[in-house]
Structures are given as C-alpha cells and as structure tokens.
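Novice: sharing a model prediction with you, sequence too.
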Number of protein chains: 2
Amino acid sequence: MIQNTPAPSAPRLIALDWGTSSQRAWLLGDGGRILDVRRPDFGLLGTTGDDPASRTRAYEAAFDEACGDWIVATPDLPAIACGMVGSAQGWREAGYLTTPTDLAIGADDLTTVPHPRGVLHLVPGLRVAPAADGTVAGDVMRGEETQIIGALGMLPRTDRPLTIVLPGTHTKWARVENRKIVSFATSMSGELYGLVIRHGILGRTATTAVRDDAAFERGLATGTSTPSRGLPAELFGARALVLDGLLDPGSLPDYVSGVIIADEIRHLLPQYTDENRILLCGNADLCRRYAAGLRVHGVAADIVAEEAAAQGLWRVALDAGLVDPAPSTNPEKESL
Amino acid sequence: MIQNTPAPSAPRLIALDWGTSSQRAWLLGDGGRILDVRRPDFGLLGTTGDDPASRTRAYEAAFDEACGDWIVATPDLPAIACGMVGSAQGWREAGYLTTPTDLAIGADDLTTVPHPRGVLHLVPGLRVAPAADGTVAGDVMRGEETQIIGALGMLPRTDRPLTIVLPGTHTKWARVENRKIVSFATSMSGELYGLVIRHGILGRTATTAVRDDAAFERGLATGTSTPSRGLPAELFGARALVLDGLLDPGSLPDYVSGVIIADEIRHLLPQYTDENRILLCGNADLCRRYAAGLRVHGVAADIVAEEAAAQGLWRVALDAGLVDPAPSTNPEKESL
C-alpha cells in the first residue's frame, strides 16, 4: 500500500450556487477545500414547468445530473444550496431573513427539500423591509448573502464596518457592521447593459466588440461628469459618438459599460460609505471595472474572487451543524 | 353640375414621416390641410437589404405602396420625407444641419432621391457638434426637427426663447432661441422602458398590464426622490415592491414608466430651462405622462398633438419652394 502521498480529504459537503441562468456545484472537503467543481450552463430556466409536480421532477433531475454521482459515491453526504433555487419560482421557497441580520445563519433558518437520494438544505434570501414613509426602499437578494458570508470569512476577522459590492446582473451594495448585514441595495446595471447591447439600438450600432480599455475609461469619465444628463441621455450619447466618428463601433460596448458603472457608483457610493476602501466580490473582469470606477472617486478596492459562494455555503453548513468543523478521519487510514 | 358644396382642395404635397419602425404618409392640400393619411405598420426595418440595389428596390416598392396611387391620380405632385429614411441606413443619406440652425430649411438643404414616378425630397437631420473639451455632448435627430418646425408653426409666432420636448423612444429636449434650434439632447428613456418591460426581469415580474395612474404617480415620486439611488437601482426597486406585495404586478409597467420619466426630467429640465412653461409635442398619452412629471417641478406644459410632422413637412416644402403658398386653383372650377 502506497502511503507516501498526503491522503486526500474525504468529501464533506455538496454545495450549490443555483441561480436563474447558471449553476455551480462544488464537492467540498475538509475546511471547505474544493475537491471538484461543475458549472452547468443552465439554471432555473431549464427547470420550469407548468404544474408543481413536473417542476419538482425537473429540479430532481437537474440536481441528480449536477451531483447525483457524488452522493452515490458518498451516501449521506450533506447538501446545501443558495440562490434562486430557493425563490417562489424555484424548487422550494426558502424565505427571507430581514436586515439587519447576523452573518451566522442557523439551522432553523434553512429550508429542507427532499429528493430521491436524501435532502437538500436551502439558504434563505435577505430582504430590506421598506419604510412606510418611503425613506428606505425595500430590496431583496438571494445567493449574494452567501457570497458575502464567504468573502468575509476569507478576510482577517475584523469588527470594523465594511462596504461590500458584488458586481453582476443585479449588482449588490451591502453594508456590514458589527458582524451583521445592516442594509443593502440592488442596481440592475448589468441587466441594463445586456439589454441595451443585445436588444437595443446601441447593439445595432456596435459591430463585433473588441476590448478597449480606453473606451471604458472614457465611458467612466462621461458617467462621472457633472452635471449628469441622466443615464438614458448618456447612453444615447454613445450612438452620437459613433455617428460622429469619435468612437469605433467595436468599442461601443466597453464605452457603455463605463457609462453605466460610473452612473451606478456616483449614486450608490456616497450612500454606502465615506471610507476610502471597499470590498469587491465577483467575476474578475467586472471587479476590475468597478475598481477603476471607484478609483475615480479616490476609493481603493480589495477584490475577492467569485469562489466566495462555495466558502459561504461551507460556513453556513458549519454554523447550521450540517458538517463538523473537525477534519474527517481518512477512510483509507482507518482501514489500516 | 352640382356647385353647392365647397370645392375640395386639390392635392398639393405628399408628406412622409418615415422612421425606423413606422411610417406615416399624408396627402396634403392647401395650407397643409390633411386630405388623407396612411399609417403603415412598417418602417425602415421592412426595407433593409444586403446590397444597395436590392435596398433601393425595397424602398421604391415601399414608397409606391404608401402613396403610388396618389401620384398616379395627380402626376407631378411634389413629395417630401423626413426621418430615418434619410439616414445612412435609409434610402439615401440626407446629411445633417449643425446647431444652431434656422427653422427655415432651404431648397439647398434637401437631398433628392429619384424613384420611378419622379423624385422624393429628403429633409436633413440635425446634429449638435461635440465640444473638444467634452463640455458639450454630440447628439443627432432625424425627423424631430420637422416636428419642431411644425409644432412651432402651429403656435402664435413669438421670438421668446422656448424649450420643446418630444417624448418618444428617443425623447428629444430642444431649445429654440431667435427662431433657431440652438441645442438639443436625446434621452433613450422610451427605449429603456421597452427593453426592461419586454426583455428584462421586470417584464417577467409583471402580469398583464393594467392602466394604473396612481402607480405612475408613485413611480414619479420615486424617480424624483432625493438623494437618487440611480435609475438602475430604482428600477430594481419595482421588483422589490412587487415581491413585498406593495405593488400589483399588473401596475408595474406604469410604475416603471413614472420612475424613468421622472429620472429624465430631473436631469434634463434644469439644463434646458428655468422657465415655468415648456412645449410638449408627441403622442397624447406620453405627453400626459411628461406633463405630470413636469408638474412635480412646478412647470406647466402646452401640448401639441403628433400631426406636427405633417405641418412641419408642409412648412419645409414651402420654404424650399416645392409648393406655392397660394391656394390651388380648383381644377373642377377651371373646367367650367
């Protein structure tokens, strides 16, 4: 028997970030170490059905396709999921916790949904309750709360207040104080970018997109200029630039990206922090863009890569007692 | 011979407002009086082709379908068109006049395009030249210049400065001083509304839309509230309201309409006027919405219905000498 290589960690947890348009499935070992990852290109959209029974069957099939073999290999492996799979349109409605909410989500907060090989635990979403007088707007997140928990767990523990931004289709700005998420806001900047480039007149103006960092910086400058003419006017301005020969059609998407991100930052940054440092968590290219947009305001960014969700799911599973913090005893060793 | 009824005016001009997605064709008599109107539901989109020759044939066929019988009935009837038909993607590029530009567009400014039954005159578009230092954004319009000319012609003549807003897919804000269009800006608010409702997550949140004026007013209030969280955040807020049961899904489109129009007005109104009265020209329902948005800022609106384009085309044809200002001699009378 070969005992020279370090024994691999036994699988400890199946963790899924299951959103509307994509899914990630991680097989996690000791300490949340990623043993395997799958990124199926479908999310909830592939699992909708008209009646509840067929929807349930579709979710069971999708779950089985994502990680059924992991469960077969290690029966009784706990499984946990965050994201839109827990929405009213998902597998089962997992509810919301209302801000301010502790970063430690407990066992009572999880919703369980049975499947043929066991049970899947769903992480609740987060909501901001709207103020009756209109001074606080209501908001919701589902999946990002787990990314926030994961991102904060990857930093040295601190009790200092912190603003964290998760760029994406629906970018989240969240404020963490005293280990609680105290408030957050969503900007659908990423969705708007996709809509105007894929379905709008700017998409017809653009030719094959080329990466153009200078065009992105120009867009940032336009979206930051004072007084603002408003986002829809600055977007149309991109078309005028192309017609005037002042912007290459292939560079239009990067210019528009800069305009939209700058507009978001100019509005939400002053409402979320007066510090000169924030935390960005998400896709590397998007984080780079937001970091550039923040620099315009003299704000530096720390960036956490997007595997935060896996770490967040591990953390929630620990806090909820689904997994034991102690390392697994290696089955190979036991058999010696 | 019956001579008791007033003699009908003879046709004097064929006038077309030919845009990207729709077309209007008017048969105009003395003084620009509308004798007949057609509103084919297709615009340029039905007349695109890969090669110039097939595009030309498609435009000729579309023109013939719109008004060929009018020309057959009255050969040598002059024809004039404004709108995207004069764009680079249109029948023939009709160029741009650069602001500030006189409201009287002359014969030299028109572009002619031959067709099997004669010649069609195309009205040039308008452009704002961007300032090299970035203080003035470039912009373009094509078709709205003719609506502005028509709308102003329908008002008592005045030399007072005036701000005119033409709500639509690409809403135009224009400033008229000393009978010149001195500047304008475009906000793609209408396009954004269509994109988020037709293609975005808000469209999936909405059920069958119902008219809800109270929801529209709520949207206006949100889009006017200070400090603004930015348009993409206020739009996502509509989804949160629905999830919280605070907004009926069927009322979401009117709420979103209010948010978007308020955001546009809060940005562009202070840049276009400090007067308490502006002129709105366009679709009656949209003008009603903009008038409500302007009232929030204490600004009253005069509204001109959308037939302004027909009057504008008549005015341009007069200024360019395509038609004679004197009433036609009635052919029936002549035959007596």
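Specialist: Good, I have the coordinates.
Novice: and the residue nearest to residue A:166 when sequence neighbours are not counted, which of the three is it?
Specialist: Of all residues beyond its chain neighbours, the one nearest residue A:166 is residue A:172 (4.5 Å), with distances taken as CB to CB, 6 or more residues apart in numbering or on different chains. Every residue, glycine included, has its C-beta placed from N, CA and C. Judged by DSSP: H, G, I helix; E, B strand; the rest coil, the three-state class of residue A:172 is strand.
Novice: list the contacts of the residue nearest to the spatial centre of chain A.
Specialist: Geometric centre of chain A, nearest residue: residue A:144, 4.5 Å, by CA atoms, centre = their mean. Shown in contact with residue A:144 (CB atoms under 8 Å, 6 or more residues apart in numbering or on different chains): A:126, A:166, A:172, A:174.
Novice: of all those, which comes closest to chain B?
Specialist: residue A:172 (9.9 Å; CB to the nearest CB).
Novice: beta partners for that closest one?
Specialist: With beta bridges defined as DSSP bridges, residue A:172 has these partners: residue A:166, residue A:186.
Novice: one step back: may I ask which two of the contacts of residue A:144 are separated the most?
Specialist: A:126 and A:166 (12.1 Å; CB to CB).
Novice: the host helix or strand of residue A:221 packs against which elements?
Specialist: If you go by DSSP states H and E, residue A:221 is part of helix A:213-224. Applying 3 or more CB pairs under 8 Å, 6 or more residues apart in numbering or on different chains; DSSP states H and E, we find helix A:213-224 packed against helix A:231-243, helix A:252-272, helix A:284-295.
Novice: ok so, going back, make CSV from the contacts of residue A:144 and add pLDDT and neighbour count to it.
Specialist: Output for the contacts of residue A:144, formatted as CSV (pLDDT from 0 to 100; neighbours: other CB atoms under 10 Å in any protein chain shown):
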residue, pLDDT, neighbour count
A:126, 97, 25
A:166, 97, 29
A:172, 98, 25
A:174, 98, 27
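Novice: okay, now the unreliable bits of the stretch 1-150 of chain A?
Specialist: A:1-7, A:41-50 (pLDDT under 70).
Novice: and the residue of it closest to chain B?
Specialist: residue A:138 (4.2 Å).
Novice: helices of chain A, start to end?
Specialist: For chain A, helices defined by DSSP state H occupy the ranges A:52-73, A:144-153, A:189-198, A:201-205, A:213-224, A:231-243, A:252-272, A:284-295, A:308-319, A:331-334.
Novice: how about those, which one is nearest residue B:242?
Specialist: Per CB to CB, nearest to residue B:242 of the helices of chain A: helix A:189-198, 15.9 Å.
Novice: which parts of that closest one are buried?
Specialist: Residues A:189, A:190, A:191, A:192, A:193, A:194, A:195, A:196, A:197 are the ones in helix A:189-198 that count as buried (16 or more other CB atoms under 10 Å in any protein chain shown).
Novice: next: stretch A:18-38.
Specialist: Neighbour count says stretch A:18-38 has A:18-20, A:23-30, A:32, A:35 buried, by 16+ other CB under 10 Å.
Novice: let's see that stretch as PDB, backbone CA atoms only.
Specialist: The C-alpha coordinates for stretch A:18-38 follow below in PDB (Å, rounded to 0.1, in the frame of the first residue of the first chain):
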ATOM      1  CA  TRP A  18     -28.100  27.700  -8.200                       C
ATOM      2  CA  GLY A  19     -29.200  30.800 -10.000                       C
ATOM      3  CA  THR A  20     -31.600  31.800 -12.700                       C
ATOM      4  CA  SER A  21     -29.300  31.300 -15.600                       C
ATOM      5  CA  SER A  22     -26.400  29.200 -14.300                       C
ATOM      6  CA  GLN A  23     -25.500  26.700 -11.700                       C
ATOM      7  CA  ARG A  24     -22.300  25.800  -9.900                       C
ATOM      8  CA  ALA A  25     -21.900  22.600  -8.000                       C
ATOM      9  CA  TRP A  26     -18.900  22.100  -5.600                       C
ATOM     10  CA  LEU A  27     -17.700  19.000  -3.900                       C
ATOM     11  CA  LEU A  28     -16.100  20.300  -0.700                       C
ATOM     12  CA  GLY A  29     -13.600  18.600   1.600                       C
ATOM     13  CA  ASP A  30     -12.100  19.500   5.000                       C
ATOM     14  CA  GLY A  31     -12.200  23.200   5.700                       C
ATOM     15  CA  GLY A  32     -14.300  23.900   2.600                       C
ATOM     16  CA  ARG A  33     -11.500  22.900   0.300                       C
ATOM     17  CA  ILE A  34     -12.800  22.500  -3.300                       C
ATOM     18  CA  LEU A  35     -12.400  18.900  -4.400                       C
ATOM     19  CA  ASP A  36     -14.400  19.100  -7.600                       C
ATOM     20  CA  VAL A  37     -16.500  21.800  -9.400                       C
ATOM     21  CA  ARG A  38     -19.100  21.700 -12.100                       C
END
